[in-house]
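Q: Return atomic coordinates for the entry below.
(one chain, ligands or ions: 2)
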Amino acid sequence: MSGIEQNDGIRTEIIGDGSAGTFDYRKYPAYPKPKLSDRTWPDQEITRAPVWASVDLRDGNQALIEPMTVQQKMVFFELLVDIGFKEIEIGFPAASQIDYDFTRRLIEEDLIPQDVTVQVLVQAREELIERTYESLQGVHRAIVHVYNSTSTVQRRDVFRMDQAGIRDLAVQGATWVQEYAKRYPDTDWRFQYSPESFTGTELDYAIDVCNAVLEVWQPRPENPVIINLPATVEMTTPNVFADQIEIVHRQLHHRDAVVLSVHTHNDRGTGIAASELAVMAGADRVEGTLLGNGERTGNMDILTMAMNLYSRGVDPELDLADMARIQKVYEYCNQLPVHPRHPYIGELVYTSFSGSHQDAIRKCMSARKPGDLWDVAYIPIDPTDLGRNYEAVIRVNSQSGKGGVAWLLERETGYNLPRELQPLFSQHVQKEAERTAKEVRADWIVTAFEQEYMARTPLRLGDYRLSSTEAGDDQLSADVHMDGQQQRWVGKGDGPVDAWTSALAQHVGFVVEVDDYAEHTLGTGSDARAVAYVKLKTGERTWWGVGTGGDIARAALDAVSAAVNRELAARAAEAQVA
Ligand SMILES: CC(=O)SCCNC(=O)CCNC(=O)[C@H](O)C(C)(C)COP(=O)(O)OP(=O)(O)OC[C@H]1O[C@@H](n2cnc3c(N)ncnc32)[C@H](O)[C@@H]1OP(=O)(O)O
Ligand SMILES: CC(C)C(=O)C(=O)O
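A: Ligands and ions are numbered 1, 2, ... in the order given. Below is the predicted model of the structure:
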């Protein structure tokens with residue numbers, strides 16, 4: 001089968017049978033925009049972290065194909081505590097025995113640190129509220145989070161109630177939560193209310209319901225309650241959500257006794273932006289999950305939002321340094337993979353394949369001085385902060401350039417190629433990348449470089465002796481291995497390289513002249529080796545050769561020999577063609 005036929009086969013397979021959907025934007029209504037002409041949030045800056053509340057063990061868990069076991073929840077809870085979450089929604093104990101048992105285990109085994117408050121979710125239904133409190137018996141402190149949907153569509157089709165009916169449901173739920181708490185006076189209770197599907201609710205009405213709940217709870221600044229506004233389904237651009245939050249922030253009663261919280265989902269892919277703008281608009285607290293697991297396209301990703309703060313010099317108040325552990329726990333508990341391009345944590349997010357990016361990264365990295373603020377093109381944060389290294393920062397394929405190839409070679413061998421040699425070797429690597437249509441790995445690059453520029457056949461310089469003549473010249477007397485024979489060649493000149501080129505010129509049958517030269521040490525200390533780069537003229541042609549050695553003279557002489565070998569190889573190839 002020819003390449004084209006093969007490609008056509010793959011093409012047909014990929015294109016499929018043409019069963020596209022009915023794609024018609026006209027069936028979707030526009031989103032009603034709140035009126036707020038004097039908005040202040042665009043001028044705000046986030047200068048400190050909000051209160052973070054992890055809902056991995058509840059909202060994240062309820063979206064999994066296989067919800068977590070008690071054991072998995074334990075592992076996740078430990079991680080959340082170690083990262084530094086102070087508020088953790090641990091489940092919906094009235095909904096499942098696993099969540100109930102997990103809650104009991106945390107309490108009975110005294111696994112909740114003093115500074116951590118657990119939170120549980122419950123619907124505004126008395127029997128569920130009663131069981132929720134049972135599950136929490138003996139806890140030192142807890143947040144009971146009650147919710148009911150207030151959206152137009154759910155009022156109409158799910159609850160079949162009008163606005164007043166749904167407000168009553170919320171008030172009833174809030175009352176039950178307050179009443180049942182009294183049965184457990186030893187616990188420090190905090191209450192939270194969410195008008196679920198807030199983004200699908202008329203704004204004035206949502207505020208009205210929240211205020212009705214607040215009238216029940218009568219919070220005080222020393223014992224505040226949480227009003228949590230969920231973008232249960234993300235329905236509009238983040239700026240509109242920010243306007244909504246600013247309006248609620250202004251109109252909520254008992255504002256000094258309310259922690260205003262947001263809980264955004266990611267249906268439009270802007271869940272994080274919505275939470276960020278909401279904080280600018282007055283929200284004090286943000287609920288979300290690590291890496292954004294959650295219903296449908298997920299909850300807003302706390303890891304990313306926290307790292308966004310970190311990368312702009314704001315303390316995120318979460319310690320996310322051990323990304324490897326976060327990834328392992330996430331994969332074990334959620335049974336989901338981490339996307340290689342997931343912000344901050346993905347395998348490829350500190351990697352650059354493209355030439356101009358690599359060139360810039362290499363230059364910025366070598367310009368960095370100890371104590372400098374981080375300012376490296378294309379890499380928003382220092383990967384070593386998160387337990388990553390610089391190894392993966394540059395990888396080479398057909399999109400790469402000389403800078404990337406030089407970086408990899410330097411990382412693997414310490415060779416810092418002269419500027420002129422970089423594009424010459426890079427072309428070689430580029431051909432391989434195009435031939436294979438794959439990434440070119442570092443070990444291939446090193447081998448190719450050594451084969452091309454450090455050739456030790458057909459000519460090899462063995463032992464040599466260097467002496468000074470009475471006339472002030474240097475004389476080199478060298479054992480040369482060539483075509484299976486050992487010969488003694490002698491040359492004189494100004495320094496060892498000159499003496500060696502003069503010896504070579506007498507025997508190889510072509511001009512041997514040094515046109516350019518560079519050298520540096522490899523490593524540090526008394527046993528540091530040296531590397532030399534020589535550009536040699538052999539008549540019409542020039543060749544770069546590279547040598548290494550225990551001292552600079554050995555490195556330089558081997559570099560000259562390698563360049564001569566390249567001319568000899570070219571001549572042998574030409575002779576074969578002729
Ligand atoms: C956006 C969110 O993430 S909200 C959280 C959602 N999470 C979950 O649902 C996970 C856990 N849930 C469950 O396991 C179950 O739904 C349970 C155990 C809570 C309830 O189970 P069931 O009563 O068997 O079933 P179901 O959830 O279908 O009950 C629906 C009823 O509750 C009512 N309801 C739904 N939500 C609420 C609420 N927040 N407050 C009061 N009533 C509610 C519905 O109107 C419906 O009433 P109807 O029976 O009169 O029609
Ligand atoms: C219960 C609420 C906060 C929720 O999970 C949502 O609306 O997404």
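
Q: switch to C-alpha atoms for all contacts and neighbour counts from now on
A: Noted.

Q: Point me to the residue of this protein nearest ligand 2.
A: Nearest residue of the chain to ligand 2, counting by CA to the nearest ligand atom: residue 232, 3.7 Å away.

Q: Which other helices and strands does the helix or strand encompassing residue 366 contact?
A: Here residue 366 is covered by helix 355-367, with elements defined by DSSP states H and E. Applying 3 or more CA pairs under 8 Å, 6 or more residues apart in numbering; DSSP states H and E, we find helix 355-367 packed against helix 402-413.

Q: which residues sit against the helix it packs on?
A: With contact meaning CA atoms under 8 Å, 6 or more residues apart in numbering, helix 402-413 is reached by 353, 355, 358-359, 362, 391, 394-396, 415-417, 422-423, 425-427, 429, 442, 445-446.

Q: got a list of what the closest residue to residue 46 other than its chain neighbours touches?
A: Using CA to CA, 6 or more residues apart in numbering and skipping residues adjacent in sequence, the residue nearest residue 46 is residue 280, 6.3 Å away. Contacts for residue 280 (CA under 8 Å, 6+ apart) come out as 41-42, 44-46, 242.

Q: circling back: and the angle for the helix holding residue 366 with helix 402-413?
A: Here the directions of helix 355-367 and helix 402-413 differ by 50 degrees (axes from the mean of the first three to the mean of the last three CA atoms, to 10 degrees).

Q: List the buried residues of helix 355-367.
A: Across helix 355-367, burial judged by 16 or more other CA atoms under 10 Å covers 355-359, 361-362.

Q: Let me know the closest of the residues you listed to ligand 1.
A: If you rank the buried residues of helix 355-367 by distance to ligand 1 using CA to the nearest ligand atom, residue 357 comes first, at 41.9 Å.

Q: any idea how far residue 166 lies from residue 147?
A: Plainly put, residue 166 is 11 Å away from residue 147 if you go by CA to CA, to the nearest Å.

Q: Could you do residue 235 as well?
A: Note on residue 235: its distance to residue 147, by CA to CA, is 20 Å.

Q: Between the two, point out the one with more neighbours.
A: The neighbour comparison of residue 235 against residue 147 (other CA atoms under 10 Å) goes to residue 147, with 22 against 18.

Q: So the nearest residue to the more buried one once chain neighbours are set aside: helix, strand or coil?
A: Closest residue to residue 147 apart from its sequence neighbours, by CA to CA, 6+ apart: residue 194 at 4.7 Å. What DSSP: H, G, I helix; E, B strand; the rest coil gives for residue 194 is strand.

Q: Verify the stated contact: residue 194 with residue 225.
A: No - counting by CA atoms under 8 Å, residue 194 sits too far from residue 225 to count as a contact (11.3 Å).

Q: Can you give me the neighbour number for residue 239?
A: By the measure other CA under 10 Å, the count of residues near residue 239 is 16.

Q: for residue 563, same thing?
A: Using other CA under 10 Å, residue 563 has 29 other residues around it.

Q: Regarding it, what is its secondary structure?
A: helix.

Q: and the end-to-end length of stretch 144-162?
A: Termini of stretch 144-162 sit 26 Å apart (CA to CA).
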